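>>> 3D model of this:
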Amino acid sequence: MKAVIGLIAAGMVLLGCTTSAVISDIGQDKVKVVASGGDQEVIMAEARKGCALYKRTPVALSHRCLDGYCIQKEYLFACKEAG
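So this is what the prediction gives:
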């Protein structure tokens with residue numbers, strides 16, 4: 001049992017070191033990004049890619065946990081017109 005707990009803890013530490021982010025939903029007015037890890041630069045970069053398709057910029061609105069440990073989060077961004 002201790003070995004299993006150790007492996008889970010090691011996995012969580014490894015996840016904490018790198019952030020992966022992908023667009024899970026997109027539209028002209030919003031983009032949702034699912035991410036593992038907390039590097040906000042990586043998450044924002046993915047949101048910028050999504051909003052850029054519509055020549056817009058992302059504005060962070062909210063986030064929610066997707067699992068019991070909050071390892072994966074979904075971030076919601078509004079895509080605002082420039083200017």
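>>> alpha carbons only for contacts and neighbour counts from here, please
Will do.
>>> in this structure, which spans are helices?
2-17, 40-52 (DSSP state H).
>>> Can you tell me which helices and strands the last one packs against?
So the one you mean is helix 40-52. If you count contacts as 3 or more CA pairs under 8 Å, 6 or more residues apart in numbering; DSSP states H and E, helix 40-52 packs onto strand 20-26, strand 30-36, strand 56-65.
>>> So for that helix, what gets flagged as buried?
Neighbour counts over helix 40-52 (16 or more other CA atoms under 10 Å) mark 42-44, 46-51 as buried.
>>> and among the helices and strands packed on helix 40-52, the most buried is which?
Sort these by mean neighbour count, taking mean count of other CA atoms under 10 Å, and strand 30-36 sits at the top with a mean of 22.
>>> who touches that strand?
Residues outside strand 30-36 that contact it (CA atoms under 8 Å, 6 or more residues apart in numbering): 15-16, 19-26, 43, 46-47, 50-51, 58, 71-79.
>>> how far out from the middle of the chain is it?
Centroid separation for strand 30-36 versus its chain: 5 Å, with CA atoms, centre = their mean, to the nearest Å.
>>> Please identify the pairing partners of that strand and their relative orientation?
strand 20-26 (antiparallel), strand 72-81 (antiparallel) (DSSP bridges).
>>> could I have that strand exported to CSV, CA atoms only?
Output in CSV follows, covering the C-alpha atoms of strand 30-36 (Å, rounded to 0.1, in the frame of the first residue of the first chain):
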residue,chain,number,x,y,z
LYS,A,30,-15.1,32.1,-25.9
VAL,A,31,-12.4,29.5,-25.6
LYS,A,32,-12.1,26.7,-23.0
VAL,A,33,-8.7,25.3,-22.1
VAL,A,34,-8.2,22.0,-20.2
ALA,A,35,-4.9,21.9,-18.4
SER,A,36,-2.9,19.7,-16.1
